[in-house]
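Asks: Fold the following and give me the result.
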Amino acid sequence: MSLTLKAPVLHEEVIQKSRFIAKAAPVSSEEEALDFLRRSREVEATHNCYAYKIGNLYRFSDDGEPSGTAGRPILHAIEAQGLDRVAVLVVRYFGGVKLGASGLVRAYGGVAAEALRRGEKVPLVERVLWEFRVPYALAERVHRLVRPLEAHYDPQGVVFRVEVAQPEAEALRKALEEATRGRVEWRT
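Replies: Numbers count the residues shown, from 1 in each chain. A predicted model of the protein is given here:
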């Protein structure tokens, strides 16, 4: 089972007079990852290198560092810890000492890995969104089984929107069908 971060993490190290700041956060989509990177970048820094992984989608950037010395090691740090739906930005303020290609790989990958190690992890649980209608008389039974995100009335009954953890989805669907004697009208 994949893990993700519970909350954003910040870690800073000075390596050979260069200041490296790793910022990591859980993300649920590419748009959210790009927004995190945009908000977290430091324009006055020498380099803002990053990687993110969301399922099979991943991206990374060396932001002017030699090719393969920053973004790929950050991505490796994410994958090595079995994480998914995570974005990591490592900011570098150049301190005057060149690190060489292997030094950059160790620095970017190491700072990213340490930030991720320090972050609290939680299991990544896929969720499904359901919308369904039940007759008014059965609404209370449904309320006992689910905590709706939203519920509203229409002429035919009560429309519920619920978010369900994927592993529990089939059992809950059966319980709803039983509780309503098959009178659930599924929309999604």
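Asks: Let me see the ranges of the strands in this protein.
Replies: Remark: strands assigned in the chain by DSSP state E are 3-5, 9-15, 18-26, 47-54, 57-61, 86-93, 121-123, 127-134, 150-154, 157-165, 185-186.
Asks: Same list (these) but as TSV, adding mean neighbour count.
Replies: Heads up, the C-betas are built off the backbone N, CA and C, glycines and all. Shown next, in TSV, are the strands of the chain (neighbours: other C-beta atoms under 10 Å):
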stretch	mean neighbour count
strand 3-5	22
strand 9-15	15
strand 18-26	23
strand 47-54	24
strand 57-61	16
strand 86-93	26
strand 121-123	12
strand 127-134	17
strand 150-154	11
strand 157-165	17
strand 185-186	12
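Asks: Which one, of the ones you listed, ends up nearest to Val111?
Replies: For the strands of the chain, proximity to Val111 was assessed by C-beta to C-beta; strand 18-26 is nearest, at 4.4 Å.
Asks: tell me the residue furthest from the middle of the protein?
Replies: The C-alpha centroid of the chain is most remote from Ala137, which lies 39.4 Å away (C-alpha atoms, centre = their mean).
Asks: where's it relative to Glu185, distance?
Replies: Applying C-beta to C-beta, to the nearest Å, the value for Ala137 to Glu185 is 14 Å.
Asks: Run the chain-centre distance for stretch 97-114.
Replies: Relative to its chain's centre, stretch 97-114 lies at 24 Å (C-alpha atoms, centre = their mean, to the nearest Å).
Asks: Next: stretch 174-185.
Replies: For stretch 174-185, the distance to the chain centre is 33 Å (C-alpha atoms, centre = their mean).
Asks: Pull out the buried positions in it.
Replies: Using 16 or more other C-beta atoms under 10 Å as the test for burial, stretch 174-185 gives 175-176, 179-180, 184.
Asks: quick one: terminal-to-terminal distance for it?
Replies: 13 Å (C-alpha to C-alpha, to the nearest Å).
Asks: Pull the residues that contact it.
Replies: With contacts defined as C-beta atoms under 8 Å, 6 or more residues apart in numbering, stretch 174-185 is touched by 132-135, 138, 141-142, 144-146, 156-157.
Asks: before we move on, the earlier item: what pLDDT does the residue farthest from the centre of the chain get?
Replies: Looking at Ala137, its pLDDT is 92.
Asks: list the buried ones in the longest helix along the chain?
Replies: Ranked by number of residues, the top helix in the chain under DSSP state H is helix 100-118. For helix 100-118, burial by neighbour count (16+ other C-beta under 10 Å) applies to 104-105, 107-116.
Asks: Ser64 against His47, yeah?
Replies: Actually, residue 64 is Gly. It isn't Ser. Yes. With contacts counted by C-beta atoms under 8 Å, Gly64 reaches His47, the gap being 5.6 Å.
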